[in-house]
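[1] With the input below, show me the fold.
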Amino acid sequence: MEEALDTELTATRFNHKEFQLQRKNHFEVQFNSGTGLDSDFKFMVVSFPLPKETTESSDINYFNTTVKVAGKTTFDNTTMVIRDAIDYDSETKFLEWRKRVYDPKTGKMGIAEDYKYDAVVTEWTPNKTGTGRKWKLVGCWPAGIDYGDMSYDDGGEKQISITICYDFAYRM
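    Below you'll find the model as predicted:
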């Protein structure tokens, strides 16, 4: 009977460090410092989905059967939501980055090396002393921006949603 208790996963196991749960609100997003937009390119992130990748299946006919092998891998766009601040105008900072992709005044498209930057998403431990898990997103750029809604009926915070495209991502 004693052996069975040792092998069971009991609630007291969560008191041990190896079973400490990773929390969704312990993270930060940093775009590389070479953005050329602002040396202080920071923002208050509400949410940032981690990468989602999909590998297509390719069928190869072989005699009387079909064999499946890995095909092309793609990464889904992600939508980052940030809070807008009065003195630190996040809206303008993303508008400037977006204008490097497409300028609505001139109708000109940008050149990829001028608007694509890498990002690192770090998942921290609750006390932020651990090394943290890191994801690198390569070739990020703002494909779209929703600047939010204004309403006399709602005194809540203004949020901005940015659709981020990226080439690929990996765990560092």
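[2] Give me the helices and strands touching the longest strand seen in the chain, please.
    What stands out as the longest strand in the chain, according to DSSP state E, is strand 133-146. In this structure, strand 133-146 packs against helix 90-101, helix 112-115, strand 117-123, strand 159-165, strand 168-171, with contacts taken as 3 or more C-beta pairs under 8 Å, 6 or more residues apart in numbering; DSSP states H and E. For the C-beta atoms, the positions are set from N, CA and C on the backbone; glycine is no exception.
[3] Which among the ones you listed is found nearest to Arg83?
    strand 159-165 (5.9 Å; C-beta to C-beta).
[4] Distance from the chain centre to stretch 156-172, please.
    Centroid separation for stretch 156-172 versus its chain: 5 Å, with C-alpha atoms, centre = their mean, to the nearest Å.
[5] typed the wrong thing, it's stretch 43-53
    3 Å.
[6] same check, this time on stretch 107-115
    Centre-to-centre, stretch 107-115 and its host chain are 22 Å apart (C-alpha atoms, centre = their mean).
[7] Kindly report the same for stretch 45-58.
    With C-alpha atoms, centre = their mean, you get 9 Å for stretch 45-58.
[8] now do stretch 97-111
    Stretch 97-111 has its C-alpha centroid displaced from the chain centroid by 23 Å (C-alpha atoms, centre = their mean).
[9] helices and strands of the protein: which one has the lowest mean pLDDT?
    Sorting the helices and strands of the chain by mean pLDDT, DSSP states H and E puts helix 2-7 at the bottom, at a mean of 51.
[10] would you put the C-alpha positions of the longest strand of the chain in CSV?
    Coordinates of each C-alpha in strand 133-146 appear next as CSV, following Å, rounded to 0.1, in the frame of the first residue of the first chain:
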residue,chain,number,x,y,z
ARG,A,133,11.6,30.2,-21.6
LYS,A,134,12.3,32.1,-24.7
TRP,A,135,10.7,32.1,-28.2
LYS,A,136,12.3,33.9,-31.1
LEU,A,137,10.0,35.2,-33.8
VAL,A,138,12.0,36.0,-37.0
GLY,A,139,11.0,38.6,-39.5
CYS,A,140,8.1,40.3,-37.6
TRP,A,141,6.1,43.1,-39.2
PRO,A,142,2.7,44.7,-38.5
ALA,A,143,0.3,43.5,-41.1
GLY,A,144,-2.6,45.4,-39.6
ILE,A,145,-3.5,47.6,-36.7
ASP,A,146,-6.9,48.1,-35.0
